[in-house]
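attaching a predicted model along with its sequence, questions to come.
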Amino acid sequence: MDDPTFTLAKLVGKTLVMSKGAGVDVILDPNRPDDKFDRFWLITGLEIIPDDGNGSTPRVVTLTLQNPTAVDPTQPNVIAPDSNSEYTITSLSANFFADEREQVDYLFVYDNDSVANDVGALTSSDGVCWRLMRSRTR
């Protein structure tokens, strides 16, 4: 059943996911053939292109999309979609589209419940630690 409250503007903020056909189940790393990648994009805008000059009967809509990854579609293992590819409109998490270069990560460690006078060190799993700032409050 169609949603009578649906408007094309409600597509902005949704995600467009390739669901069938060429372009799905792409293997980016040949050493990990079970890790399949499906393309998806955030819909950031749209433009209604009326075909008959009447804006109330749109037949073509141009979507502005944001790609969450830097997949190079010219690589031989990345299959481009074709006219038989199918898409689904979903509501994937906005976290997929966060720019990690603009994010700040925080870690708060509280050992308030310890009855011992514990001393420890916080290190990274790969040995790389840019800077660790310790604050003391008494």
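Yes, it's here.

SS state for the residue most central in space within the chain?
Against the mean C-alpha coordinate of the chain, by Cα atoms, centre = their mean, the closest residue is F96 at 2.5 Å. Three-state call for F96 (DSSP: H, G, I helix; E, B strand; the rest coil): helix.

residues contacting it?
If a contact means Cβ atoms under 8 Å, 6 or more residues apart in numbering, then F96 has T15, F40, L42, P68 as its contacts. Where C-beta positions appear, they are placed from N, C-alpha and C, glycine not excepted.

what would the residues you listed look like in CSV with distance to L28, pLDDT and secondary structure?
Supplementary listing: the contacts of F96 in CSV, determined by distance: Cβ to Cβ, whole Å; pLDDT from 0 to 100; DSSP: H, G, I helix; E, B strand; the rest coil:
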residue, distance to L28, pLDDT, secondary structure
T15, 19, 92, strand
F40, 14, 86, strand
L42, 20, 92, strand
P68, 14, 76, coil
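
from those, which is closest to E86?
Out of the contacts of F96, the one with the shortest distance to E86 is F40. That distance is 13.1 Å, counting by Cβ to Cβ.
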